[in-house]
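Participant: Next input, structure requested:
(one chain, ligands or ions: 1)
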Amino acid sequence: MSNRRVKSLAADEDDYDDYDNYDDDYEDGGNEELSPEDKEQMRQGTTKVREAVGSAFPATDKEIHDALWHYYYDVGKTVAYLKNKQKPSTAPTKAKKDEPKSKLSTSFCSTALPGISRSDRGGQDGLQATIPQKDADGRQECISSTIYSTEFSAAEFFKDCPWLRIPEHRKAEILIEPVYPRLGLLGGASAGGKMSKLAALAAKRRQKESERSESTATGSSESQDDYTTRLNKLRLQEINRAKSNTSRDADTPMREGDKAVSDSGVSADILRQDLPDPLSHGQTTSTPDLSVSVEPCIRGRPSPFASIMTSHDADLFLPTSPDLLAVGENAKSFDFAEPSPDDVVMKAQNAKVAAPAKTKPKESARTKTTSLAHGVQQLSVQETPKVKSKNIDVLAEYKKVKRKKAANFVVIGHVDAGKSTLMGRLLFDLKAVDQRTMDKYRKEAERIGKGSFAFAWVLDQGTEERERGVTIDIATNKFETDRTSFTILDAPGHKDFVPNMIAGASQADFAVLVIDASMGNFESGLKGQTKEHALLVRSIGVQRIIVAVNKMDAVDWSEERFAEIRQQMSAFLTSAGFQSKNVTFVPCSGLEGGNILAKCSDPKASWYTGPTLVEELDQSEPSTYALDKPLRMTINDVFRGSVLNPLSVSGRIEAGNVQVGEQVVVMPSGEKAQIRSLEVDDEPQDWAVAGQNVVLNLTDIDPIHLKTGDVLCSAVSPIQNVSEFRAKVLAFEHLTPMNIDVHKGRLHVPGRISQLVGVLDKSTGMVVKKRPKIVQPGNVVRVVVQLDQPVPLEPPSRVVLRANGETVAAGLLEKNEMRP
Ligand SMILES: Nc1nc2c(ncn2[C@@H]2O[C@H](COP(=O)(O)OP(=O)(O)OP(=O)(O)O)[C@@H](O)[C@H]2O)c(=O)[nH]1
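Facilitator: The predicted structure follows:
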């Protein structure tokens, strides 16, 4: 006998490698003696075993000692073991050590548990007692003895864990993959791996349960789904009923009051019979049959929490305490077949809202449909004008009224020539600006150190313009003389704002060119914007020009200086295309006010006997306009006029006429709009004609279709959008096929000179050179221009071509050479 105890659990080959000296060690220790305490326990145990089995029992002392040693001197277990051993047809008692030691072999010897092991031999799956025993050679062997002939049961193993006993109706159908490796290649797709024995057991049990359920529902033709649904319903009903019974009488065991039969006739007991019942106290359950008698249950009752969690079975443990019953009441299962409390409330609320609709007769719905159709009809009727036109014969009305002639003039010239100051003085002298306002401007200008700009502030209203002392955009103002109603278009002189100057010039009947007479400034100005502006206005179509030789006070009203400037400018303007009769010169001082409204009082200026500036302005001949042509007006500004007129546009009517209620078209969008009302010179009018500066208040159009540069035109004969045109232009710079920007008033669009058709003779207009590769400045040339996007253009419009911030050419669109 050895005192060396061996425990081999889940041994694999590696472990066996570690125990290569197993037998040797065992042999070495085989002769060890028992300790005195062991010897005494062995002696007493042997005596007790002999007494228990009787003297006739055929067991040797060695066998008894071995058993006692194995069972830790437990007499009862030793006796049971010896008796079983003597029974016939027991399982093989010898485990041959020489058997192949396979990793898959799960045989093990244990002394901790009473020899429970799994054995694959003979295909048996059972619990076996394995007792270490020495064979005849003194080697340790595992003596296997079948104690349980039943299958291993997880339910049994965990039977003393009540919180794991989940009721069947709460179990989800979840297939848990085995945690041990499948019998396949590592990492391989071993989908067809061998099923584990435990899984096989589970599958077998499920099959049994299924068969049992089918047999219960005999004669039923219901589909499986219907059956499952009804079954679940029955379960819920039964459980709720049981819970209510428990609530009413907690002392009454659930099973006693649980005999109700469901509507389907299926007894609740039948439904419950599959549920494991660990408290059956010896009763047979659906768990695997165990051949051994189960010891009396000595487990304590689960806690109230565990009872709630385990619901069905735990209901049996519900205590009778009122407080705990309250817990159980709160936690009772809800029958989800019924509407939830929220559903009830929402249903009631919906019913309340829907109630008035219910009371409405069907006719109200019909009325609603009719009103809807009517609304749609009204929408379609919106095509017709909202504002009624008076159908005025505008031309007849225009001829009836005798009015002052109106004239727009643009003030041009080099930067700081004194344009704004000159116009401010003119307005002040003409009482268009009162003394009080002028004093205010003067004070404010002095405060920021720009006192000399006080008159300029009459026109330069923008903060930036006042701070920088430069005009940025066209400033308009009005004044009247006895004969004429004037509109001033004060253009910026700085080269960066030439496009704005073009916009102003395009609306002008004539131009006032302001020249700084100071020494050196005239010369530099002539090279700068004096020249460019003069060329531009002529190219745009302005024929008359008044040259205001300004700042004469700075040169002491020098007649010589004035004569010098007049000579040079006359030559230049003539070369630019102005006729001598249309060019006049006035010496003046905007700052001091000489020769503007009244003659200069300075004796140094007595040599000048000609007209003042205002007198020159008054001598301008009224321009003629195509009043009977289709309406054309380039939009100068889009703004919110007032609360009543949320969408307004301003500009000068270039051709035709317009009246309130008329429908117009905006190009290039092609969107239609209606004239809600209009103003001429800030006065509401019913109609307006070409040459007048107007504000048109529009309706029935989205503002996104309106922008400056668009053309408002007659709906009957709208202007066409073109993407290519041919024009006769005067070259300001060298021209080649090149990228340019096309300007027409406020309209700017990028494009390119795609072709230089030919250089023209200035007087005859005949082609003198075909297809030049480059054109010198000062030549008149016919060009083809392609645009990046179609824009509304038509002859005889005047256009300006600019490139890299410089005006390179300006001219006239030619007829029948427009392509969409
Ligand atoms: N001595 C003198 N200075 C003048 C006269 N007119 C204008 N100035 C001064 O010239 C400067 C420029 O005057 P502006 O009226 O702003 O000139 P502008 O041509 O309108 O300038 P931009 O619009 O920016 O091109 C100011 O300091 C004026 O005081 C004048 O008649 N005599």
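
Participant: Write out the residues of this structure neighbouring the ligand.
Facilitator: With CB under 6 Å from any ligand atom as the criterion, the chain comes near the ligand at residues 413, 415-421, 452-453, 456, 469-471, 492-494, 550-551, 553-554, 589-591. (Each C-beta comes from the backbone N, C-alpha and C, glycine too.)

Participant: Not counting sequence-adjacent ones, nearest residue to residue 406?
Facilitator: Here the nearest residue to residue 406 in space, its sequence neighbours aside, is residue 485; by CB to CB, 6 or more residues apart in numbering that works out to 4.7 Å.

Participant: nope, residue 712 is what I meant
Facilitator: Leaving aside its chain neighbours, residue 712 sits nearest to residue 633 (4.6 Å; criterion: CB to CB, 6+ apart).

Participant: which helices and strands does the strand or helix carrying the one you found pack with?
Facilitator: Element membership for residue 633 (DSSP states H and E) is strand 632-634. Strand 632-634 sits against strand 648-655, strand 711-714, with contacts defined as 3 or more CB pairs under 8 Å, 6 or more residues apart in numbering; DSSP states H and E.

Participant: Deepest-packed of those strands, please.
Facilitator: strand 711-714 (a mean of 24; mean count of other CB atoms under 10 Å).

Participant: Given that strand, what are its sheet partners and their directions?
Facilitator: Strand pairing for strand 711-714, using DSSP bridges, gives strand 632-634 (antiparallel), strand 663-667 (antiparallel).

Participant: Skip ahead from that strand and say which helix or strand is next.
Facilitator: Following strand 711-714 in sequence, per DSSP H and E, is strand 721-731.

Participant: Tell me how many other residues surround residue 736.
Facilitator: Residue 736 is flanked by 11 other residues according to other CB atoms under 10 Å.

Participant: where are the low-confidence patches of the stretch 451-600 of the chain?
Facilitator: Applying pLDDT under 70 to the stretch 451-600 of the chain flags the ranges 461-463, 465, 469-471.

Participant: any chance you could map the helices in it?
Facilitator: Using DSSP state H, counting those that start in this stretch, the helices found in the stretch 451-600 of the chain span residues 456-459, 463-468, 498-505, 521-527, 529-540, 559-575.

Participant: Just send those helices back as TSV, with mean neighbour count too.
Facilitator: Below are the helices of the stretch 451-600 of the chain laid out as TSV (neighbours: other CB atoms under 10 Å):
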stretch	mean neighbour count
helix 456-459	26
helix 463-468	13
helix 498-505	25
helix 521-527	17
helix 529-540	24
helix 559-575	15
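
Participant: List just the one of the ones you listed that sits closest to residue 795.
Facilitator: Residue 795 sits nearest to helix 529-540 of all the helices of the stretch 451-600 of the chain, at 14.4 Å, using CB to CB.

Participant: What is the closest one packed up against?
Facilitator: strand 405-413, helix 498-505, strand 510-516, strand 544-550, helix 559-575, strand 721-731, strand 798-803, strand 806-819.

Participant: what distance separates the start and the end of stretch 599-611?
Facilitator: One end of stretch 599-611 sits 8 Å from the other (CA to CA, to the nearest Å).

Participant: Any chance you could list what contacts it?
Facilitator: Residues from elsewhere that reach stretch 599-611 (CB atoms under 8 Å, 6 or more residues apart in numbering): 552-553, 556-557, 559, 562, 584, 586-589, 592, 594-595, 612, 619.

Participant: wait, which of these is closest to residue 398?
Facilitator: residue 619 (24.0 Å).

Participant: How about the closest one, nearest residue that isn't a chain neighbour?
Facilitator: The shortest distance from residue 619 to any non-neighbouring residue, by CB to CB, 6+ apart, is to residue 611 (7.1 Å).

Participant: Is that neighbour part of a helix or strand, or is it coil?
Facilitator: Here residue 611 is coil, with the state taken from DSSP: H, G, I helix; E, B strand; the rest coil.

Participant: going forward can the numbers begin at 50, since that is how I track them
Facilitator: With 50 as the first residue, the last one maps to residue 660.

Participant: Give the burial count for residue 102, as a bare number.
Facilitator: Neighbours of residue 102 (other CB under 10 Å): 17.

Participant: for residue 559, that is, sorry about that
Facilitator: Neighbourhood size, residue 559 [other CB under 10 Å]: 20.

Participant: doesn't residue 491 make contact with residue 500?
Facilitator: Yes: counting by CB atoms under 8 Å, residue 500 does reach residue 491; the two are 6.6 Å apart.

Participant: ok, these two, which is more surrounded?
Facilitator: residue 491 (16 against 13).

Participant: returning to what we had before: with mean pLDDT added, can I get the helices and strands packed on strand 681-683 in CSV?
Facilitator: As requested, the helices and strands packed on strand 681-683 are arranged in CSV below (pLDDT from 0 to 100):
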stretch, mean pLDDT
strand 697-704, 90
strand 760-763, 93
